[in-house]
Structure formats: C-alpha cells, structure tokens
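Provided below for reference: sequence and predicted model.
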Amino acid sequence: MSDRSWRPRPGLDRAQRSREQDRAAGGPERRLVDAGGGRFRPATVELKVASRTGRVTAVLRWSVDGRATRVPLGEVDQPTRAANLRDGWRLAEASGLVAKVPAAEGSWASSAGTRKSMRGNKGKDTKPELRLRSLLHREGLRYRVSTRPVPTLRRTADIVFPKVKVAVFVDGCYWHGCAEHRTIPATNRDFWLQKIEGNRARDAETVRLLEEAGWKVLRVWEHVAVEDAARLVIELVKSARQSDASGK
C-alpha cells in the first residue's frame, strides 16, 4: 500500500485542505451534517491505516460546540488519496450521514429555498429563528442571540433575555426527536437513534441546569407556527418581568 493512497500532501494550509474535501464531496454543500436546531456543520473525511489489517479506512468527522464526532465509514481501496476521499464521501452519503433531511410538513423550514439558505449559512442564523426574532422585535422585545445564558455553562440558547433570565431554544423536529415528525433513516439506524436520544437527554439536562441557575427556559419545536411561538415567548418574558417587579 502506497502512502499516496491516504496520506495528505505536506504543507497544505486550512483553505487548501477544505478545497480538497469540497472536490471529493462534489461541492461544499455536500459536506454538511445536521447539527440540530436547523444548523448544519461541514464534515471531513479522514483516511487512516488500520493497525490490524493495514488497510485504508475512511472516517467522517465533524464538531459541534467544540465536541467532535467520528463515525467509521468503512474500507476504501483506491490507489490515490483523492479517489479514496471520493469513495469515503460516497459511503457517508449512502449511510445517511450527509444532511438531506426534509423538514416536517408545515415547518418554518419546509421550502427548498429555506433549506438551501440554511445550508449556505452553515450554522449561522436559521430562517425559523430569524422569523421568530423579527416578530419579537416588532413587539418591542430586545434580546441577545446565540449566546450562553450562563457563561460558565457550555450551553448556547437561540434567543436570550438576560435581564429577566429567559432562554429560548428553537428545536428542529428531526435532530431533537419530535414525536410527531421524527423519522429515523434506515441506514445507520442505531447510530441515529443513539445520537437523537443523546440530544434529548442533553436538552433535558440543559433545562435542568439553567433552571437551577435561576433561568426560565422555553423550548419551541420548529413545526409550531411562528405566531404561536412568539406568543409563548412574549408571555414568558412578561411573566418573568412581573415576578421581578413583585420581588418573587
């Protein structure tokens, strides 16, 4: 086995490594994995030589909030690194790891244009959040976005009202395990079940930790009409303000 089948060229900078992955995947938009809440992150195919077999194996890697996830894809046996990277991405797509998750019917993110916008933003503001924030701003509410309610706690809320200690999360139906709209891919089913259940447990832990720190927490599904979601947020903020005013 030649090194050229898996080892990267020396001296490549970050941009060059990214372009190498883009070419292998067929474009940057085909490197995205679902990071939850309508967010997407670019993934990377890594090539390694298995110590036991001496064969080249492909692994898909991505990071969310500083936490890396690695999923073995399988063996690749092409003579060049470029060809093996392409095969690795084909395996990732065949395994259902590349983000092609349709939004639930009636979702704020149901249109193809919205999903394209989300992929282009690569984890920045999503359409559901923007629409919700627009309505809240129209009602005179001011807030912070994509920030940690508690700086020492590695949990980022979508919309935060620091003065009244209210944190709002907009949860995607697929990634956060909505009972009405969740679908589990047939490929890599065990992986996705474990991942989604892990997210649900983390969501529950986040609520508990923030409430213990004195915060009021609201989690809104993406399938909830934006007007209804805004009403829930407004009511919670008003309630928090009244509690503060009464000294409770």
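Yep, that arrived.

Point me to the residue sitting closest to the centre of this structure.
Ala35 (1.4 Å; CA atoms, centre = their mean).

If you average pLDDT per helix and strand, which one of the protein comes out bottom?
Sorting the helices and strands of the chain by mean pLDDT, DSSP states H and E puts helix 112-121 at the bottom, at a mean of 42.

Quick one: name whatever helix or strand follows that helix.
helix 127-138 (DSSP states H and E).

mind listing what's buried in that following helix?
For helix 127-138, the buried set under the neighbour-count rule, 16 or more other CB atoms under 10 Å, comprises Lys127, Pro128, Glu129, Leu130, Arg131, Leu132, Arg133, Leu135, Leu136. Bear in mind the C-beta positions are built from the backbone N, C-alpha and C, glycine included.

you'd agree the third one is up against Val145?
Yes. Counting by CB atoms under 8 Å, Glu129 does reach Val145; the two are 7.4 Å apart.

Give the intersection of the neighbour lists for the two.
Asp158, Ile159 (CB atoms under 8 Å, 6 or more residues apart in numbering).

about what we covered before: can you classify the residue nearest to the centre of the chain as helix, strand or coil?
strand (DSSP: H, G, I helix; E, B strand; the rest coil).

for it, what are its contacts?
Contacts of Ala35 (CB under 8 Å, 6+ apart): Arg41, Trp62, Val64, Gly123, Trp175.

Can you mark which positions in the helix ranked longest in the chain are buried?
Looking across the chain with DSSP state H, the single longest helix is helix 189-212. Neighbour-count burial for helix 189-212, counted by 16+ other CB under 10 Å, picks out Phe191, Trp192, Lys195, Ile196, Asn199, Asp203, Thr206, Val207, Leu210.

roughly how far apart are the third one and Arg208?
From Lys195 across to Arg208, the span is 21 Å (CB to CB, to the nearest Å).

ditto for the fifth one
Taking CB to CB as the criterion, Asn199 is separated from Arg208 by 15 Å.

what's the first-to-last distance across stretch 151-158?
14 Å (CA to CA, to the nearest Å).

In that stretch, which residues are buried?
Those would be Arg155, Thr156, Ala157, Asp158, for stretch 151-158 by 16+ other CB under 10 Å.

repeat for stretch 161-175
By 16+ other CB under 10 Å, the buried positions in stretch 161-175 come out as 161, 164-175.

just stretch 54-68 next, same as before
In stretch 54-68, counting by 16+ other CB under 10 Å, buried: Val56, Thr57, Ala58, Val59, Leu60, Trp62.

what does that stretch contact?
Residues contacting stretch 54-68 (CB under 8 Å, 6+ apart): 1, 5-6, 33, 35-36, 39, 41-50, 69-77, 84-85, 87-88, 91-92, 97, 154, 156.

Quick one: end-to-end distance for stretch 208-224.
Using CA to CA, the two ends of stretch 208-224 sit 23 Å apart.

Next, count neighbours for the residue lying closest to Glu139 once chain neighbours are set aside.
Distances taken as CB to CB, 6 or more residues apart in numbering place Ile234 nearest to Glu139, at 5.9 Å, with adjacent residues excluded. Neighbours of Ile234 under the rule other CB atoms under 10 Å: 15.
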